[in-house]
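Peer 1: Structure of the sequence below:
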Amino acid sequence: MGFSRRIGAANSFIAELWGLRDGLQLCCCRKLDSLEVEIDAKAILDALLNLDYVNHIVSPLLDDCRMLATRFRRICFKHCYCEANCCADKLAGLGANQSLDFIVFQSTPVDILTFLEEDASGMYRSRPCTVNSVF
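Peer 2: The predicted structure follows:
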């Protein structure tokens, strides 16, 4: 199961929070009791786990995520690099271009089938980084 949401113009922090909220909501609806959440936005993970974090723009979404997380008997949040889950990135791309606000996929969209197979096989993707040499 997967999903995509069209959220319009937003920064990556807000987009990641929407993705987390929607994912937690779907897992609650499916009555899952244990969950392992891998998220590539370290800032979201830090904000979620820091109960003193306050940001009036994102607090409603963050509060929703925290509340939804309490519905699971066991929940574990882990940081991962975006290269470790290309499917999530591709689904986010689908959401940016879709006409409906929210779509739940019961089967894999053709656009991400290759990425799902690569993720499942543990295919490694290198992370490009820029190196500036100053002498």
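Peer 1: Against residue 82, how distant is residue 24?
Peer 2: The spacing between residue 24 and residue 82, counted by Cβ to Cβ, to the nearest Å, is 19 Å. Yep, even glycine has a C-beta here, placed from its N, CA and C like the rest.
Peer 1: The two: who's more crowded?
Peer 2: Using other Cβ atoms under 10 Å, the more surrounded residue of residue 24 and residue 82 is residue 24, with 22 against 14.
Peer 1: Next, the more buried one: secondary structure please.
Peer 2: helix (DSSP: H, G, I helix; E, B strand; the rest coil).
Peer 1: which residues touch it?
Peer 2: 35, 37, 65, 68-69, 71 (Cβ atoms under 8 Å, 6 or more residues apart in numbering).
Peer 1: could you redo the last one with a cut-off of 7 Å?
Peer 2: For residue 24, the contact set (Cβ atoms under 7 Å, 6 or more residues apart in numbering) comprises 65, 68-69.
Peer 1: Buried residues of the helix-or-strand element of the chain with minimal mean pLDDT, list them for me.
Peer 2: Ranked by mean pLDDT, DSSP states H and E, the weakest helix or strand in the chain is helix 86-97, scoring a mean of 79. Of all the residues in helix 86-97, those buried under the rule 16 or more other Cβ atoms under 10 Å are 86-88, 90-92, 94-95.
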